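Participant: I need the structure of the sequence given here:
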Amino acid sequence: MTQDINFMTKTKALIDNLKSVCANYGLGNDGNEFKIITQVFLYKFLNDKFRYAVKQENPNLVDSESFSAALKELSDDDYSDLIDLLDPNIPRLQPEHLISHLFTKQNDDDFAKLFDDTLRQISIDNAEVFSVKSFTGAKDTLFDELSQYISDSSQRDAFCKALINKLFEFSFEEMFEQKYDFFATIFEYLIKDYNTDSGGKYAEYYTPHAVARIMAQILVPEPVKGVKCYDPSAGSGTLLMSIAHQIGEENCTIYSEDISQKSSNMLRLNLVLNDLTHSIPNIIKTNTVDKPYYLETKFDYIVSNPPFKLDFSDFHANLDKDAFKKRFFAGIPNIPKSKKESMSIYLLFIQHIMHSLNDIGKAAIVVPTGFITAQSGIEKKIRERLIENDWLRGVVSMPSNIFASTGTNVSVIFLDKKVDGKKIVLMDASKLGETIKEGKNQRTVLTQTEENKIIETFNNKTPIEEVSVVVSKEEIVAKNYSFSAGQYFEVKIEYTDITADEFTAKMNSFESNLKVLFAESKILEEEILNNLQSIKYE
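Facilitator: A predicted model of the protein is given here:
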């Protein structure tokens, strides 16, 4: 545990040092700072991952005074054989790509060019595994030419030199000896200053870990292997990481779509940090609603916290084509004359998710709580289909303000194509949690005990007074397809036995109070009439 904390401290110090370098060269809070920090950190992580893997395959290199020099001494055939032995998820680097090599070259002329050229070549050599694709199949570059973000060209060499010196001070290699669970925390620390909507109005980067854990542990209560997991609005991947940890990274493949380049890059970094590099080729940057890359692919597990409201009038007409008729079975929200930004795009994501499940598929979707009780429209059509098809496993209504970024009350709906509609769990967890302040926002935080209570109550189908009910599809139909637990709670009326004298006393008290109120009302009526009559025209 002490060593764990030590690694965490050192890693956070590295991130702080990189931010300090950016600040010293005029890039603090600059729009490009995010790219520099995350890409340099990724370069460092890949560099150390490569060093560790190579030493595992060739222990003779462990005690080399200069690792990059020792690699250079290998013949071309020996080096090629060594690279072939590496796991496909390990980056393919040349000796001259290593931080230790750049460290020895930092005083050379045009060091910034060498730094940029190195990162560019790493991008090219590793494009097959590490590149994010767009809808058209075009691949992005793993690294930008980072020195170009320094507008004063005379400062570029010094900037790149400062970065390399910070990277050289610290190694991840000893962390790879065993698996640590702190990379989610490291990822959050790495992006915390950039975790806003500045990357685009579509980008939903952050789902609270409590919600992500609840979704994953309800979706996957038993061990599974060889499954495909998907998020059509992945953001930085919190939900996907959580379900992958629950299943086991080696037992699943991740698929995702998101319109934001920034969030796709964040997701790639998250996958690398969490032993899911093999899934990077499945990250697609696209508009999932309009240009779905995985339209005909079916998945075992789907998790999603889709954007709730968004102006999609620009591509509204495209959604009515024949290829999407089956997908959008309940309809497409109309374009309002005003407040187009309030168009309910999440309704399209729910329908897309239902379309994307395989025959034994399961899903967990964050929705505005209003969805579960709406009396008409697309919302009700979707709920009717879920009940008719026996796909609803249950619903958990979350505490208000569990998301710091929205005041909207949210619920999580759980779908499962293998349930039978006899025991549907509806939970009201809205009264759980404690309120904390985060900057200007207030957020509700669930304790570990409360998380476990939600998960166990749901998975065990346990009815608890004022918290959970277990109902049949017929009962839901009788309640006009309401998914709200509160509408199924038993209404209890408490009766108290009183004597005839006590009854008379109570009635006399009520009568007396009413007479006083009527008298006051009469006085007020007269005052109002008098005031009205005193008003004259001038």
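Participant: gap between the closest residue to Y488 other than its chain neighbours and N6?
Facilitator: Excluding the flanking residues, the one nearest Y488 by CB to CB, 6 or more residues apart in numbering is V469, at 4.4 Å. For every residue, glycine as well, the C-beta is placed using N, CA and C. Separation of V469 from N6 (CB to CB, to the nearest Å): 48 Å.
Participant: of those two, who's got more company?
Facilitator: Set V469 next to N6 and count neighbours by other CB atoms under 10 Å: V469 wins out with 21 against 11.
Participant: bridged to that one, which residues?
Facilitator: With DSSP bridges applied, V469 shows beta-bridge pairing to L426.
Participant: average pLDDT for the helix ranked longest in the chain?
Facilitator: The longest helix of the chain (DSSP state H) is helix 500-533. The pLDDT scores in helix 500-533 average 84.
Participant: how about the strands of the stretch 301-450 of the chain, start to end?
Facilitator: With DSSP state E, counting those that start in this stretch as the criterion, the stretch 301-450 of the chain has strands at 357-368, 392-397, 410-416, 424-428, 434-438, 441-445.
Participant: distance to A210 added to the ones you listed, as CSV?
Facilitator: Output for those, formatted as CSV (distance: least, CB to CB, whole Å):
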stretch, distance to A210
strand 357-368, 12
strand 392-397, 12
strand 410-416, 11
strand 424-428, 14
strand 434-438, 12
strand 441-445, 7
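Participant: for A13, find the nearest of those.
Facilitator: strand 434-438 (23.7 Å; CB to CB).
Participant: the closest one pairs with which strands, and in what direction?
Facilitator: Paired strands of strand 434-438, with direction, are strand 441-445 (antiparallel) (DSSP bridges).
Participant: from the chain's centre, how far out does the strand it pairs with sit?
Facilitator: Distance of strand 441-445 from its chain centroid, counting by CA atoms, centre = their mean, to the nearest Å, is 17 Å.
Participant: and what of stretch 390-399?
Facilitator: When distances are taken as CA atoms, centre = their mean, stretch 390-399 is centred 19 Å away from the chain's centroid.
Participant: that one: which residues count as buried?
Facilitator: Across stretch 390-399, burial judged by 16 or more other CB atoms under 10 Å covers D390, W391, L392, R393, G394, V395, V396, S397, M398, P399.
Participant: and the fourth one, what is it in contact with?
Facilitator: The reference is to R393. When contacts are counted by CB atoms under 8 Å, 6 or more residues apart in numbering, R393 touches K362, F414, L415, D416, V419, I424, V425.
Participant: nearest to K506 among these?
Facilitator: Nearest to K506 among those: V425, at 42.6 Å, using CB to CB.
Participant: burial count for that closest one?
Facilitator: Applying other CB under 10 Å, we find 23 other residues in the vicinity of V425.
Participant: show me what contacts it?
Facilitator: Counted by CB under 8 Å, 6+ apart, V425 has contacts R393, G394, V395, T457, F458, K461, S468, V469, V470.
Participant: how about it: what's its closest non-neighbour residue?
Facilitator: Using CB to CB, 6+ apart, the closest residue to V425 is G394 (3.5 Å).
Participant: just the C-alpha atoms of stretch 448-465, please, in CSV.
Facilitator: C-alpha atoms of stretch 448-465 as CSV (Å, rounded to 0.1, in the frame of the first residue of the first chain):
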residue,chain,number,x,y,z
GLN,A,448,-19.5,2.6,-0.5
THR,A,449,-22.2,1.1,1.8
GLU,A,450,-24.9,2.8,-0.2
GLU,A,451,-23.4,1.7,-3.5
ASN,A,452,-23.3,-1.9,-2.3
LYS,A,453,-26.9,-1.6,-1.0
ILE,A,454,-28.1,-0.5,-4.5
ILE,A,455,-26.2,-3.2,-6.3
GLU,A,456,-27.2,-6.0,-3.9
THR,A,457,-30.8,-4.9,-3.7
PHE,A,458,-31.1,-4.8,-7.4
ASN,A,459,-29.2,-8.1,-8.2
ASN,A,460,-31.0,-10.0,-5.4
LYS,A,461,-34.4,-8.6,-6.4
THR,A,462,-35.1,-7.5,-2.8
PRO,A,463,-38.2,-5.4,-2.1
ILE,A,464,-37.5,-2.7,0.6
GLU,A,465,-40.1,-0.4,1.9
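Participant: hmm, who's touching that stretch?
Facilitator: 210, 213-214, 217-218, 221, 394, 396, 414, 423, 425, 427, 429, 432-433, 446, 467-470, 489-490.
Participant: dihedrals phi and psi, P307?
Facilitator: The phi/psi pair for P307 (degrees, to the nearest 10) reads phi -60, psi 140.
Participant: distance of N530 from Y537?
Facilitator: 18 Å.
Participant: settle it for me: which of those two has more neighbours?
Facilitator: Set side by side, N530 and Y537 show more neighbours around N530, with 9 against 3, by other CB under 10 Å.
Participant: hmm, back to that, beta partners for the residue nearest to V425?
Facilitator: Note on G394: beta-bridge partners F414, V425, judged by DSSP bridges.
Participant: got a list of what it touches?
Facilitator: By CB under 8 Å, 6+ apart, the residues touching G394 are I413, F414, I424, V425, L426, M427, F458.
Participant: mind redoing it with 7 Å?
Facilitator: By CB atoms under 7 Å, 6 or more residues apart in numbering, G394 lies in contact with F414, I424, V425, L426, F458.
Participant: pretty sure I15 is touching Y189, no?
Facilitator: Yes. Between I15 and Y189 there is a contact at 6.1 Å, judged by CB atoms under 7 Å.
Participant: which one's more surrounded, those two?
Facilitator: Neighbours per residue, other CB under 10 Å: of I15 and Y189, the larger number sits with I15, 20 against 15.
Participant: what mean pLDDT does the stretch of helix or strand S68 belongs to have?
Facilitator: Counting by DSSP states H and E, the element that carries S68 is helix 67-72. Across helix 67-72, pLDDT averages out at 88.
Participant: helix or strand right after that helix?
Facilitator: The element immediately downstream of helix 67-72 (helix or strand, assigned by DSSP H and E) is helix 76-85.
Participant: tell me the buried residues in that following helix?
Facilitator: Y79, L82, I83.
Participant: quick check: ChimeraX command selecting the buried ones in the contacts of G394.
Facilitator: Typed into ChimeraX, the line below selects the buried ones among the contacts of G394, using 16+ other CB under 10 Å:
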select :414,424,425,426,458
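Participant: now the spatially closest residue to T369 that is not a sequence neighbour: how far from F403?
Facilitator: Spatial nearest neighbour of T369, excluding adjacent residues (CB to CB, 6+ apart): N409 at 4.1 Å. Look at N409 and F403: by CB to CB, they are 10 Å apart.
Participant: have a look at the two and say which one is more surrounded.
Facilitator: Using other CB under 10 Å as the criterion, N409 and F403 rank with F403 on top: 21 against 16.
Participant: alpha carbons of stretch 513-527, as CSV, please.
Facilitator: Extracted C-alpha coordinates of stretch 513-527, given in CSV (Å, rounded to 0.1, in the frame of the first residue of the first chain):
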residue,chain,number,x,y,z
ASN,A,513,-60.6,27.3,14.2
LEU,A,514,-62.8,27.5,11.0
LYS,A,515,-65.0,30.2,12.5
VAL,A,516,-61.9,32.3,13.3
LEU,A,517,-60.6,31.9,9.8
PHE,A,518,-63.9,32.8,8.2
ALA,A,519,-64.1,35.9,10.4
GLU,A,520,-60.6,37.0,9.3
SER,A,521,-61.6,36.3,5.7
LYS,A,522,-64.7,38.5,6.0
ILE,A,523,-62.6,41.4,7.4
LEU,A,524,-60.1,41.0,4.6
GLU,A,525,-62.9,41.0,1.9
GLU,A,526,-64.3,44.2,3.3
GLU,A,527,-60.9,45.9,3.3
